[in-house]
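Asks: need a 3D model of the following:
(one chain, ligands or ions: 1)
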Amino acid sequence: MNDSLSQQNVGFVSSQSGLLLSLSAIFITVYLLCNRGPFSKIPGPFVAKFTNLWEVYHARLGQRYMAVHKAHQRYGPIIRLAPNHISIADFAAIPILHGSGLQSLDKSPYYKAFISGEKASIFSTVDRKEHALKRRFYTGTFAPKTVKLYAPSVLHVLEKLSEKLDKQVIESKGQPVNLMIYLNYFALDALSTLAFGSSLGTLDRESDVLEGGSSEGIIKTIDEREHRGAVVGWSPFLQRWGHYMPDPFFWRGSHDSNELDRIARACIQERLSSGSENIDVLGHLIATQQKQHGDIDIDILVSEAITVLIAGTDATTNAMTAAVFLISTHPNVKEALRRELESALGKFGTPKIEGQISGLPYLNACVLEVLRYHSPTGMGLPRVSQGFEFRGHWFPAGTDVSVPTWTMQHDPIVFGPDPYIFRPERWIEDPSLIKFFMGFSSGARSCIGRNLAILELKMIVAVVFQKYDVEPQLQRLETVDKLMHKPTDESGWFTIKHRSV
Ligand code: HEM
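Replies: Okay, here's the model as predicted:
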């Protein structure tokens, strides 16, 4: 009896000391993480000191940009978002992170989550040298004077969109219409016309279901791929093992990607055998490949054409939807815009050539303000430090660093006391604000499609507000943050009628 009691005592004492040891180990680890290491003085959400799950969690909720913004408001301009990721809300950090040429930093391994298949694209490749080679492939493809040559193709798709909207005015009988889906069809058709040499024909069919693809359609496929990448990107564990997760969020949506690949390949093959010399993105890519390598590698052409389609469609659709929402809910802006458009295009007139709208200052200010206020790429774009000092902090090589785009585009020190107000006039009152515009990023990894994106945005805004009266269903623009910061589906519904004389 005494023996068993003393054995129990020994067991109790040893389990107590085990517990004590574990607690001490946890305490020491927490203490060391909080008080030692290069980032011990950098504040941030408490859990972010130990795990990248803080970022994964907010990305999965689709509100990461706002979580980062609130964290900056609470902890200051330099904060820790994960054990190895620091967010720097300071314009002075932009040239360090987003410099040109060899001054640029590698993209963070976050982007590996967007590699589909074997090869990384111009967007997803993280390595600077590999990227520089890919970027050379696009030399001149999206230069301002080249994009002007694409305008007739885009205007042709715009006419088709306008016909479909005319039909909707009659058929909807005043009930709300999903305008965002039509803008998405427009972006898909315009970009496939330019990049595949042949339109995906989504406006004609009023459907994004591809022949042989799943009934969910290509828009949902792109959206799911982006959201999945935007979540697993923050966690090397999920990048590797995510597709074994029971949650279908981590693996669905690959079927339509294969269909897109098949369609792009067929269009490109047809174009190559026809010998056509159309002036479009595909024509440029073929010519550059011949010049640089002397022959054609169809795998590269297919992969780049799909990259252009995916990179260009989603961001442009989001920006166009946000533009229609924001302008239609700001009557003063809408009236000022219509005055300018009418003086350039006549009453209810729509653009027939690009030159009619490219130089309109108020239209330009509206586009800049949409991209600032809504920020289609709201997140900080993560880069890998090569070792630099900033504001008294040392960021050793290998640290992930980013500048939070949405937060910076709402900085009251730069944009004045009303950064949360949609007010295009600010760009006309103070043209020097353009130095702080981050809509397309900057430096070596900035957007190659910005000239085309701006052209499409201006065309859509001109046609929608010259021809129609649109009214959103929601009172305010609701958004969700995936890879892109986008209007929710509900924000895309509008009633639409012709403008009365
Ligand atoms: C309003 C529309 C658009 C916005 C706001 C936008 C924004 C951006 C931003 C911020 C980046 C940098 C991404 C990063 O560093 O992670 C980027 C890159 C890129 N964009 Fe766009 N974009 C738009 C439209 C387009 C269009 C129309 C195209 C193609 C025709 C395009 C093609 C690309 C490509 C290929 C990259 C990767 C460039 C590189 O890494 O060298 N984008 N875009």
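Asks: and the stretch 101-250 of the chain, which residues reach the ligand?
Replies: Near the ligand, the residues belonging to the stretch 101-250 of the chain are 122-123, 135 when assessed by C-beta under 6 Å from any ligand atom. The C-beta positions use only the backbone N, C-alpha and C, and glycine is treated the same way.
Asks: out of those, which is nearest to the ligand?
Replies: Taking C-beta to the nearest ligand atom as the measure, the ligand sits nearest to residue 123 out of these, at 4.0 Å.
Asks: which ones are touching that closest one?
Replies: With contacts defined as C-beta atoms under 8 Å, 6 or more residues apart in numbering, the neighbours of residue 123 are 111, 114, 307, 311.
Asks: what about it, which SS state?
Replies: Assigned by DSSP: H, G, I helix; E, B strand; the rest coil, the conformation of residue 123 is coil.
Asks: burial check on whichever residue of the stretch 151-300 of the chain sits closest to the ligand, number of neighbours?
Replies: Each residue of the stretch 151-300 of the chain has a distance to the ligand, by C-beta to the nearest ligand atom, and the smallest belongs to residue 191, at 6.1 Å. Burial measure for residue 191: 26 neighbouring residues, criterion other C-beta atoms under 10 Å.
Asks: go on, residue 295?
Replies: Neighbourhood size, residue 295 [other C-beta under 10 Å]: 6.
Asks: what's the helix or strand for it?
Replies: Counting by DSSP states H and E, no helix or strand carries residue 295.
Asks: list the contacts for it?
Replies: Applying C-beta under 8 Å, 6+ apart to residue 295 gives the contacts residue 289.
Asks: could you pull out the buried residues of stretch 297-311?
Replies: 301-311 (16 or more other C-beta atoms under 10 Å).
Asks: kindly apply the preceding question to stretch 435-444 instead.
Replies: Of the residues in stretch 435-444, 438-444 count as buried by neighbour count, 16+ other C-beta under 10 Å.
Asks: circling back: tabulate the contacts of residue 123 (JSON lines), appending secondary structure and pLDDT.
Replies: What follows is the contacts of residue 123, written out as JSON lines (DSSP: H, G, I helix; E, B strand; the rest coil; pLDDT from 0 to 100):
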{"residue": "111", "secondary structure": "helix", "pLDDT": "93"}
{"residue": "114", "secondary structure": "helix", "pLDDT": "84"}
{"residue": "307", "secondary structure": "helix", "pLDDT": "86"}
{"residue": "311", "secondary structure": "helix", "pLDDT": "86"}
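Asks: so, low pLDDT: which residues of the stretch 251-400 of the chain?
Replies: Scanning the stretch 251-400 of the chain with the threshold set as pLDDT under 70 gives 252-258.
Asks: strands along that one, start to end?
Replies: With DSSP state E, counting those that start in this stretch as the definition, the stretch 251-400 of the chain shows strands at residue ranges 383-384, 388-390, 393-395, 400-402.
Asks: between those strands, which gets nearest to the ligand?
Replies: Each of the strands of the stretch 251-400 of the chain was scored for nearness to the ligand using C-beta to the nearest ligand atom, and the closest is strand 383-384 (8.4 Å).
Asks: direction included, what does that closest one pair against?
Replies: According to DSSP bridges, strand 383-384 forms sheet pairs with strand 106-107 (antiparallel), strand 400-402 (antiparallel).
Asks: quick one on the thing from earlier: the residue of the stretch 151-300 of the chain closest to the ligand touches residue 308, doesn't it?
Replies: Yes - taking C-beta atoms under 8 Å as the contact criterion, residue 191 and residue 308 are neighbours in contact, 6.5 Å apart.
Asks: can you pick out the most distant pair from the buried residues of stretch 435-444?
Replies: With distance counted by C-beta to C-beta, no two of the buried residues of stretch 435-444 lie farther apart than 439 and 444, which are 17.0 Å apart.
Asks: does residue 39 touch residue 81 like I think?
Replies: No - counting by C-beta under 8 Å, residue 39 sits too far from residue 81 to count as a contact (10.7 Å).
Asks: residue 477 sits in which helix or strand?
Replies: With the criterion set as DSSP H and E, no secondary-structure element contains residue 477; it sits in neither a helix nor a strand.
Asks: that one - how many residues pack around it?
Replies: 17.
Asks: ok and the residue in this structure nearest the ligand?
Replies: Among all residues of the chain, residue 449 sits closest to the ligand, at 2.2 Å; criterion: C-beta to the nearest ligand atom.
Asks: quick check: closest non-adjacent residue to that residue.
Replies: residue 312 (5.0 Å; C-beta to C-beta, 6 or more residues apart in numbering).
Asks: for the residues of the stretch 101-250 of the chain next to the ligand, give me a markdown table that also has pLDDT.
Replies: Compiled in a markdown table, those are given as follows (pLDDT from 0 to 100):
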| residue | pLDDT |
| --- | --- |
| 122 | 89 |
| 123 | 90 |
| 135 | 88 |
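Asks: return the member of these nearest to residue 282.
Replies: When these are compared for distance to residue 282, the smallest value, 15.2 Å, is given by residue 122; criterion: C-beta to C-beta.
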